[in-house]
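S.K.: Generate a structure from the sequence data that follows.
(one chain, ligands or ions: 1)
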Amino acid sequence: MNPVAKADTLAAPRLPESPPTMNALLPLLACPVTGETGLTFEGDPAGEGLIRSPSGRAWPVIGGVPRLLPPDLLAPFLQAHFPDFTRRHPEVEAWLRDAPPAEPAVLETLLDYSFQHVDLADLGMLVDDWRATWDRFQPGLPPESFAGETVLEVGCGEGRHAWLVSEHAKCLVGLDLSRGVEVARRRDPRPNAFYVQGDLRRAPFRPEVFDAFYSNGVLHHTPVPEESFQAAARLVRRGGRAAVWVYGLDEMRLTYRLSHLTFLRPLTNRLPRGAQMALATGMTAAVEVGLWTPARVLERLGREDLAKRIPYHDAAHREWKYKQRRMFDRLNPPITHYITREALARWFAGWSGVEILNADGQGWSARGRR
Ligand SMILES: C[S@@+](CC[C@H](N)C(=O)[O-])C[C@H]1O[C@@H](n2cnc3c(N)ncnc32)[C@H](O)[C@@H]1O
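M.R.: Residues are numbered from 1 along each chain as shown. Predicted coordinates:
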């Protein structure tokens, strides 16, 4: 079956009956600089506004998305993407003037993923694909299992999994470094869903305020994955849950290991974005000819059994842009770690009900209760 043909099958999310509000989000927030609570909001919750901390810092809300990045990241981000905002709100510019320099790799992650998601991800709502990746990343943990909970997605990107969970959670907050949160916000207008731009290592939330957090394909893109995990874990109440999916190489399928192109990374990480895209295009064309065309031909000949044996046959009917984007995603991230089972066991030391699953030979799913 052609997955693209049935891609648009979702019922549109219920639109808020009352105007959007920040009321349910504010009690969860804490200033990412001082940790102080009691933040307030003024402005248009679906558009532009300011979130203020009691000690006088003002943070932008742009496009209905609070930009609660630490100052070292917020200053260059605003300058690159929203220079007019600081002109309109000089008080934001005033306190950001003394911002320290950002860690280059993290700033690059922010800018690269912003490029990736904004330019490439608005492909329409591929809900079947989102469900399939959720089931692969989080086997046995359906989105419905978050019913009634206050849930954080750490690194929500363009919001494909947050969209699935916000249908059930009492409150879903998607946090991401990149402008993917803008796509997520546009796609998910549910009144219980909030998308926040921030750094998970200095996340703008009160400690122990969430019932659960989950994170799919993110922690391995941060400088020290274990520290990132522990930072997110502190946001979950005692007895709350965490579920993470991360890259692994040991015990994984050969095709998966090859697809990570680890041997090319030292070269591709140094290429400018345009060259990465050109390379992704060339490599996608090669896979198109070598794998996906034969898979389609076999299907047409009625040999689906053989087609299914071709690695990545499931993408054979995807549109070109989707395949190109997946390839680009492999080449683009500035930081990538591969996590071992032993490392994951250390992350969850002291948690109860810990499970570390090989997720179909394509990464680790690890979960537990704090
Ligand atoms: C491979 S994408 C996965 C996105 C999403 N979880 C999904 O499955 O579609 C990795 C995401 O991690 C985000 N990320 C990387 N470092 C981060 C950080 N320090 N804080 C928050 N998000 C971060 C990136 O911006 C990017 O959106």
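S.K.: So for whichever residue of the stretch 101-250 of the chain sits closest to the ligand, what's the nearest residue that isn't a sequence neighbour?
M.R.: For the stretch 101-250 of the chain and the ligand, the shortest gap (Cβ to the nearest ligand atom) falls at residue 157, measuring 2.7 Å. Glycine gets a C-beta too; all of them are placed from N, C-alpha and C. For residue 157, ignoring the flanking residues on the chain, the nearest one in space by Cβ to Cβ, 6 or more residues apart in numbering is residue 180 at 4.3 Å.
S.K.: quick one: that neighbour and residue 153 touch, right?
M.R.: No: in this structure residue 180 lies outside contact range of residue 153 using Cβ atoms under 8 Å: 11.2 Å.
S.K.: In terms of neighbours, single out the busier of the two.
M.R.: Just comparing residue 180 and residue 153: by other Cβ atoms under 10 Å the higher neighbour count belongs to residue 153, 27 against 24.
S.K.: I'd say the more buried one and residue 175 touch.
M.R.: Yes: using Cβ under 8 Å, residue 153 is in contact with residue 175, at 6.8 Å.
S.K.: Residue 59 in helix, strand or coil?
M.R.: Assigned with DSSP: H, G, I helix; E, B strand; the rest coil, residue 59 falls in the strand class.
S.K.: Compute the number of surrounding residues for it.
M.R.: 27.
S.K.: Could you look up the SS state of the residue lying closest to it once chain neighbours are set aside?
M.R.: The shortest distance from residue 59 to any non-neighbouring residue, by Cβ to Cβ, 6+ apart, is to residue 51 (4.5 Å). Look at residue 51: counting by three-state DSSP, its state is strand.
S.K.: in its sheet, what does the lengthiest strand in the chain sit against?
M.R.: For the chain, the longest strand by residue count, based on DSSP state E, is strand 236-246. Using DSSP bridges, the strands paired with strand 236-246 are strand 210-216 (parallel), strand 364-369 (antiparallel).
S.K.: out of the ones you listed, deepest packed?
M.R.: Each of these was scored by mean neighbour count; the highest is strand 210-216, a mean of 24, by mean count of other Cβ atoms under 10 Å.
S.K.: What lies in contact with that one?
M.R.: 28, 133-134, 137-138, 141, 146, 149-155, 161, 165, 173, 200, 232-233, 235-237, 240-245 (Cβ atoms under 8 Å, 6 or more residues apart in numbering).
S.K.: Would you mind naming what in the stretch 101-250 of the chain lies close to the ligand?
M.R.: Neighbours of the ligand within the stretch 101-250 of the chain, by Cβ under 6 Å from any ligand atom: 106, 109, 113, 155-158, 160-161, 175-178, 180, 199-201, 216-218, 221-222.
S.K.: Give me the subset of those residues lying in strands.
M.R.: Among these, the members found in strands (DSSP E) are 175, 176, 216.
S.K.: Mind putting these into a markdown table with pLDDT and distance to residue 65?
M.R.: Below are those laid out as a markdown table (pLDDT from 0 to 100; distance: Cβ to Cβ, whole Å):
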| residue | pLDDT | distance to residue 65 |
| --- | --- | --- |
| 175 | 98 | 11 |
| 176 | 97 | 10 |
| 216 | 97 | 20 |
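S.K.: returning to what we had before: wait, the residue nearest to residue 59 sits on residue 58?
M.R.: Yes: counting by Cβ under 8 Å, residue 51 does reach residue 58; the two are 7.3 Å apart.
S.K.: Would you mind telling me which of those two has the busier surroundings?
M.R.: The residue with more neighbours, out of residue 51 and residue 58, is residue 51; 24 against 18, by other Cβ under 10 Å.
S.K.: Just list whatever residues bridge to the more buried one.
M.R.: Bridge pairing for residue 51 - DSSP bridges - gives residue 41, residue 59.
S.K.: Quick check: which element contains residue 66?
M.R.: strand 65-66 (DSSP states H and E).
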